[in-house]
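S.K.: what shape does this take:
(4 chains)
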Protein chains: 2
Amino acid sequence: MRPVTLADIAREAGTSASTASRALSGRGYVSPAARARLLAAADRLGYVPNASARTLKQRTSRVVGVVVSDLGNQFYARLAAGIEQTLRVADYQMVVLGDNSESAEEVAGARTFLAMRAPGVIMTPVGSEATELLVAQGTAVVEVDRQLATVPCDGVVIDNELGAREATGHLLGLGHRRVALLVAETDWTSDAGRLRGYLGAIHDANVRVDERLIVRVPHHAVDTEERIDALLDQERPTAIFAANNTLAEQAWRILRRRGLRLPRDVSLVGFDDVPWMGMVEPAITVVAQPTLHMGRRAARLLLERLAEPGREPVVECLQPVLVVRGSTGPIGH
Amino acid sequence: MRPVTLADIAREAGTSASTASRALSGRGYVSPAARARLLAAADRLGYVPNASARTLKQRTSRVVGVVVSDLGNQFYARLAAGIEQTLRVADYQMVVLGDNSESAEEVAGARTFLAMRAPGVIMTPVGSEATELLVAQGTAVVEVDRQLATVPCDGVVIDNELGAREATGHLLGLGHRRVALLVAETDWTSDAGRLRGYLGAIHDANVRVDERLIVRVPHHAVDTEERIDALLDQERPTAIFAANNTLAEQAWRILRRRGLRLPRDVSLVGFDDVPWMGMVEPAITVVAQPTLHMGRRAARLLLERLAEPGREPVVECLQPVLVVRGSTGPIGH
DNA sequence: CGGCGGTGTGGTTACGTTCTCACACTTGCC
DNA sequence: GGCAAGTGTGAGAACGTAACCACACCGCCG
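M.R.: Predicted coordinates for the structure are as follows:
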């Protein structure tokens, strides 16, 4: 039951371990005859290479670390799916770790990946420490969805500002003047960009920004509903722009519970298209982002960097697209 | 920039590598003074243990392999999320691989995990070969969602037959007699159980089973819509039981496109509750399964087996629960 | 006082692979 | 004929850790 080693198949084929290694890894000279004997022996004995021995010797592994906030969230799951697909065809493995949007867990994850000698890590960053740690040790890092790094590294983001600007502009174009914004209270570039886009659109329309219409919801907040309720009670917005998919869902539930009709009583725009948004009646107007594609792109960027370590950092910015559906309409009277 | 090794911190603290190893791994005698010096040195130098060296030496790793059909499907993503949560607190890492419901890819994944010397693997199996391979090499395997293993191994499933029986019984109780079944055409226990539950309920109600009402949809089928259309055109069922979340979604879309009203024109029951089902109007009656919990349970089962390898295989069967919502009602006239 | 169990330490080896090097043999070319 | 370049092979040394073993010291008891 002891696993079969290179030495075993070398003995079986009557060669040395060196030759066996060359035959199976495909590097270096091996005569066709010897190669054939070795491959046959490996197959016969059911040889499985020992990845840790290889990693130890080569000082790098075929493992790419991925750290996302929460695999349960559709957005991160799709990101991971895209990453996995791309890595798999390149014969890399994906190790997924969840931080709970906690910087400490993210750093712990980084240490884990360093321990595994992962050549690269892809993450939706929460803080900058993890990236600093990794880059300092020579690990390639790709940030996805937002940029927090204080050191140069690759990234894949979408144009949050543009997306938010279009969403808000769409509402303003329909005549809305009291447009509320629900946004996560983070120091992330994603949320900052969406806020900026919102403000920019309002400014462009020569509407006065009303701070009371901007609801900043902290992470892990338990009183999100109360905040939205308060907004509706006190500010009576005619339209709401919910800047991520969970806020959109909560807003939608509250509006429905209150019996408010979309879009007659209030218009709603979300950010990040998830299945329910296209299925409810009326369907939700949303800024859609190519999530799966972002994952694929991030993985590809990482692979490129591994192939060419000296390359200048690249930050890819993808375009979101506003999908107008039934939840938005002209302002009521 | 060479990574810091045990030897480095041993030198720094004036001890041998052996002592350093004992101090940092916590196994064996080390004087408090030496331990303190070593921990300080490790911290100062930024020591990161080399996981591959450890794995090589100990002949086992802290990595658990997970292979699911498709991370993009909410069901598998939640499963993975539950697994990851549980593994993380036990200080194991999760490597996720997607087969595309292809047995060959599943086997390739198994080889990968053997190469990584993963002590255990959790999978939603597609074939039995991968499990056989793994178990033959001494790797613990937990099957989730369905059982295909030909060798004894642990498993976490839900009572598909019961769930389907309740769903079908619910429809029959509402007076439906032409109850169609949409089910995936696989040899998986999950689908087989759901079919059995459907048949059982119909039989119990003394209704004749009409084979034409049973639509078996092959994997990767491109003509699923046509099949459902044909069912509606030719058989005019008054109720449909869609035995997984994707079939439910397709059925729902077709019904809506045709302008059929739920539940007046036709009743619809799904299997596996996903967010949109509770949000559309009317909401979809569904057999809900504790997906996240299944993932957690599977991981826990694996950890238990790793702790006690000789234990008899355990197959945990969780209970689904029928959530009655608006998509089902008394038969029209 | 001799042995004995507990404490603490370091040397050495093994884990399985890849890589470097040395060497042997074959061609081909000046 | 000799020398260079190409082809093929094996010995041996890493890679960084943990386990095993030997040893040295302490206090204690008979």
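
S.K.: tell me which parts of the stretch 101-250 of chain A are close to chain B?
M.R.: A:Arg111, A:Thr112, A:Leu114, A:Ala115, A:Met116, A:Arg117, A:Gln137, A:Gly138, A:Glu249 (Cβ under 8 Å from any Cβ of the partner chain). Using the backbone N, CA and C atoms, a C-beta is placed for each residue, glycine as well.

S.K.: neighbours of the closest residue to the fourth one other than its chain neighbours, just the number please.
M.R.: Of all residues beyond its chain neighbours, the one nearest A:Ala115 is B:Ala51 (4.2 Å), with distances taken as Cβ to Cβ, 6 or more residues apart in numbering or on different chains. Around B:Ala51 sit 24 other residues, with neighbours defined as other Cβ atoms under 10 Å in any protein chain shown.

S.K.: now swap in the one 3 residues further on and tell me
M.R.: Residues near B:Arg54, counting by other Cβ under 10 Å, number 17.

S.K.: for it, helix, strand, or coil?
M.R.: Following DSSP: H, G, I helix; E, B strand; the rest coil, B:Arg54 is assigned to helix.

S.K.: roughly how far apart are it and DNA strand C?
M.R.: Remark: distance between B:Arg54 and DNA strand C (Cβ to the nearest atom of the strand, to the nearest Å) = 9 Å.

S.K.: residue of the stretch 151-300 of chain A nearest DNA strand D, please.
M.R.: A:Val151 (23.4 Å; Cβ to the nearest atom of the strand).

S.K.: so that residue makes contact with A:Glu132?
M.R.: Yes - with contact defined as Cβ atoms under 8 Å, A:Val151 reaches A:Glu132; the gap is 5.7 Å.

S.K.: who has more neighbours, these two?
M.R.: A:Glu132 (17 against 13).

S.K.: ok, that one - contacts?
M.R.: A:Glu132 makes contact with A:Ala149, A:Thr150, A:Val151, according to Cβ atoms under 8 Å, 6 or more residues apart in numbering or on different chains.

S.K.: helix or strand: which one has the first one?
M.R.: So the one you mean is A:Ala149. Secondary structure assignment for A:Ala149, by DSSP states H and E: no helix or strand.

S.K.: beta partners for A:Val183?
M.R.: Beta bridges link A:Val183 to A:Arg216, judged by DSSP bridges.

S.K.: quick check: it vs B:Val269, distance?
M.R.: 38 Å (Cβ to Cβ, to the nearest Å).

S.K.: give me phi/psi at A:Val64?
M.R.: Dihedral angles phi and psi of A:Val64 (degrees, to the nearest 10) take the values phi -110, psi 130.

S.K.: could you list every residue that touches it?
M.R.: A:83, A:87, A:92-95, A:118-122, A:299, A:302.

S.K.: restricted to strands, list these.
M.R.: Among the contacts of A:Val64, the subset assigned to strands under DSSP state E consists of A:Gln93, A:Met94, A:Val95, A:Gly120, A:Val121, A:Ile122.

S.K.: my guess is A:Arg297 meets A:Ile158, correct?
M.R.: No - using Cβ under 8 Å, A:Arg297 makes no contact with A:Ile158, being 10.5 Å away.

S.K.: these two: who's more crowded?
M.R.: The residue with more neighbours, out of A:Arg297 and A:Ile158, is A:Ile158; 27 against 19, by other Cβ under 10 Å.

S.K.: now the phi/psi pair for that one, please.
M.R.: Torsion angles, degrees, to the nearest 10, at A:Ile158: phi -110, psi 170.

S.K.: so what's it bridging to?
M.R.: So, taking DSSP bridges as the rule, A:Ile158 has A:Leu318 as bridge partners.

S.K.: model confidence at it, what's the number?
M.R.: Confidence at A:Ile158, expressed as pLDDT, is 97.

S.K.: which residues are in contact with it?
M.R.: A:Ile158 neighbours (Cβ under 8 Å, 6+ apart): A:Asp145, A:Gln289, A:Pro290, A:Met294, A:Cys317, A:Leu318, A:Gln319, A:Pro320.

S.K.: drop anything exposed from these.
M.R.: A:Asp145, A:Gln289, A:Pro290, A:Met294, A:Pro320 (16 or more other Cβ atoms under 10 Å in any protein chain shown).

S.K.: redo those as CSV? Include pLDDT, secondary structure and distance to DNA strand C.
M.R.: Listed next are the buried ones among the contacts of A:Ile158 as CSV, based on pLDDT from 0 to 100; DSSP: H, G, I helix; E, B strand; the rest coil; distance: Cβ to the nearest atom of the strand, whole Å:
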residue, pLDDT, secondary structure, distance to DNA strand C
A:Asp145, 97, coil, 35
A:Gln289, 97, coil, 40
A:Pro290, 97, coil, 37
A:Met294, 98, helix, 33
A:Pro320, 98, coil, 43
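
S.K.: nearest to B:Ile214, of the residues you listed?
M.R.: Within these, proximity to B:Ile214 (Cβ to Cβ) peaks at A:Pro290, which comes in at 38.2 Å.

S.K.: residues contacting that closest one?
M.R.: Contacts for A:Pro290 (Cβ under 8 Å, 6+ apart) come out as A:Ile158, A:Leu318, A:Pro320.

S.K.: quick one: the helices in the stretch 51-200 of chain A?
M.R.: For the stretch 51-200 of chain A, the helices defined by DSSP state H, counting those that start in this stretch occupy A:51-58, A:74-89, A:103-115, A:129-136, A:160-173, A:189-204.

S.K.: quick one: which of the contacts of A:Val64 is nearest DNA strand C?
M.R.: Nearest to DNA strand C among the contacts of A:Val64, with distances taken as Cβ to the nearest atom of the strand, is A:Pro119, at 13.8 Å.

S.K.: the closest one touches A:Gly65, doesn't it?
M.R.: No - the pair A:Pro119 and A:Gly65 fails to qualify as a contact (Cβ under 8 Å) at a distance of 9.5 Å.

S.K.: higher neighbour count, those two?
M.R.: A:Gly65 (26 against 22).

S.K.: how about A:Arg297: what's its closest non-neighbour residue?
M.R.: Closest residue to A:Arg297 apart from its sequence neighbours, by Cβ to Cβ, 6+ apart: A:Val156 at 5.0 Å.
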